[in-house]
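Asks: any chance you can model this:
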Amino acid sequence: MPAMSPTMTEGNISAWKVKEGESFSTGDVILEIETDKASMDVEAQDDGVVAKIFAEDGSKAVKVGTRIAVLADPGDDISNLEIPPDDSQPVQSEADNVKGGEDSKYESSGVEKEIKGTPQNKRPAEDKPTTSPSGPGQNPKYPLYPSVITLVHENHISDEEVAKIPATGPNGRLLKGDVLAYLGTIDSDYTAKLAKRIGDLEHLDLSGIKILQPAAQPTAATATTIPPAPEPLKTSSVSLTISLAEVLKVQQRIQDTLGVTVPLSTFLARAVDLANDDLPRPKGQKSSADDLFNAVLGLDTVPTTSRGAYLPQIDALPARSSTKSPPRPSAKKPDIIDILSGKAVPERSARRPSSSGNKLSTADGALNVFSLAVPVGEEKRARTFLERVKTVLQVEPGKLIF
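Replies: Numbering: from 1, shown residues only. This next block holds a predicted model:
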């Protein structure tokens, strides 16, 4: 059972993630351990195979240091392996957690690695440091950090040597860097240099900061001249008279035939959309990136037309004034005595004038002016658009609906 913290003396096995006979790789979770404080996963330090599990799922109050399983190396035939006798040494107090030396045959996960009687499965111990530690060692008042315990067990450092390794941690505690320096993995002064650098970075150095002086307000003599505003874009107006008589006829025909009223705006919107397709490219307009890319690849030539975005303004022509005959002077009404004596003839009622002379024809009422305001140089393109609108609305407006 591994010690997952300096104060841990026992734990419960929640579940084995790898069963007997199954292989695992470095970093895989082997089992889940539960204590009175938290649940933790135990990861594999090397590749291997689970040879035998002694503490099954749900085991309670398993002492730290108690053998819970035996692991074999990858590729071993576990059916022929001899399981060594249990010589584990469970801890009795929190102080036992910080001791090493004799527990070197256990991984940091607390699982026994050696298998007695099978030399091919034993891992040779690493060479111990040749130099003897000197200087103030670990403060016995504090337990070792878990990382230090793991490093001590992996390198088979005895308790006597651990007590003599110079400790540079807070309150005289032994750091992982102290052990690495003792093993010769890093420079002996690396820990001191790192501590000094961290101490220097704790304080922000503001000595190189300069206060920015406020900018002087420009006077009339030093004030820069304001650049002139860009000239407004010069535009030109293009207009064309278009009759909507045919559109009104098609609209009435649809109403009489299908009983559906198609708004006039529908005819106009579809005619405008159709007329905007493939208009001549205006002078000076640059080709788009897609056009140039296709031209370089030879996929297509640079087109000479493009889609427009024109939306004309529509104004109706003013109605023509009807000609009316001047009012006739009112005749004197004859006396009733003259009428009875035959001297006067009663005036006949005047015939009502025909209303056809005052009514505008449908064609006259359907005339409208379509106009566009375009930049100078686009007059030809705009006129082509209006001509297309006129052709669609006056010649074949029915195609806009059917």
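Asks: would you put the C-alpha positions of stretch 251-265 in PDB?
Replies: This file holds the C-alpha atoms of stretch 251-265, laid out as PDB (Å, rounded to 0.1, in the frame of the first residue of the first chain):
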ATOM      1  CA  GLN A 251     -51.700  41.400 -63.400                       C
ATOM      2  CA  GLN A 252     -55.400  41.700 -64.400                       C
ATOM      3  CA  ARG A 253     -55.200  38.500 -66.400                       C
ATOM      4  CA  ILE A 254     -53.900  36.600 -63.400                       C
ATOM      5  CA  GLN A 255     -56.600  38.100 -61.200                       C
ATOM      6  CA  ASP A 256     -59.300  37.100 -63.700                       C
ATOM      7  CA  THR A 257     -57.900  33.600 -64.300                       C
ATOM      8  CA  LEU A 258     -56.500  32.400 -61.000                       C
ATOM      9  CA  GLY A 259     -58.100  34.800 -58.600                       C
ATOM     10  CA  VAL A 260     -54.700  35.800 -57.200                       C
ATOM     11  CA  THR A 261     -53.500  39.400 -57.000                       C
ATOM     12  CA  VAL A 262     -49.700  39.700 -57.700                       C
ATOM     13  CA  PRO A 263     -48.400  43.000 -56.400                       C
ATOM     14  CA  LEU A 264     -46.800  45.400 -58.800                       C
ATOM     15  CA  SER A 265     -43.700  45.400 -56.600                       C
END
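Asks: quick one: buried residues of that stretch?
Replies: 251, 254 (16 or more other Cβ atoms under 10 Å). Every residue, glycine included, has its C-beta placed from N, CA and C.
Asks: which other residues reach that stretch?
Replies: Outside stretch 251-265, the residues that touch it by Cβ atoms under 8 Å, 6 or more residues apart in numbering are 244, 247-248, 267, 401.
Asks: give me that answer again for 10 Å
Replies: 244, 247-248, 250, 266-267, 269, 362, 397-398, 400-402 (Cβ atoms under 10 Å, 6 or more residues apart in numbering).
Asks: kindly write the PyMOL command that selects the buried subset of these.
Replies: In PyMOL, the members of the contacts of stretch 251-265 classed as buried (16+ other Cβ under 10 Å) are selected with the following command:
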select buried, resi 244+247+248+250+267+397+400
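Asks: any chance of the contacts of stretch 251-265 in CSV, plus distance to A61 and pLDDT?
Replies: Formatted as CSV, the contacts of stretch 251-265 follow (distance: Cβ to Cβ, whole Å; pLDDT from 0 to 100):
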residue, distance to A61, pLDDT
L244, 97, 88
V247, 95, 88
L248, 98, 89
V250, 95, 88
T266, 85, 88
F267, 90, 87
A269, 84, 89
T362, 104, 44
P397, 94, 84
G398, 94, 81
L400, 89, 81
I401, 88, 79
F402, 89, 66
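Asks: may I have the strands that pair with the helix or strand A15 falls within, each with its orientation?
Replies: Per DSSP states H and E: A15 is located in strand 10-16. Applying DSSP bridges, strand 10-16 is found paired with strand 29-34 (antiparallel), strand 62-63 (antiparallel).
Asks: all strands of the stretch 151-300 of the chain, in order?
Replies: 235-243, 279-280 (DSSP state E, counting those that start in this stretch).
Asks: should've said the stretch 1-150 of the chain
Replies: 10-16, 23-24, 29-34, 39-43, 48-53, 62-63, 69-72.
Asks: out of the ones you listed, deepest packed?
Replies: strand 69-72 (a mean of 22; mean count of other Cβ atoms under 10 Å).
Asks: and P375, what does it touch?
Replies: Applying Cβ under 10 Å, 6+ apart, the residues near P375 are 233-236, 282, 284, 381-382.
Asks: in a markdown table: these, plus neighbour count.
Replies: Listed next are the contacts of P375 as a markdown table, based on neighbours: other Cβ atoms under 10 Å:
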| residue | neighbour count |
| --- | --- |
| L233 | 7 |
| K234 | 8 |
| T235 | 11 |
| S236 | 13 |
| P282 | 16 |
| G284 | 8 |
| R381 | 22 |
| A382 | 24 |
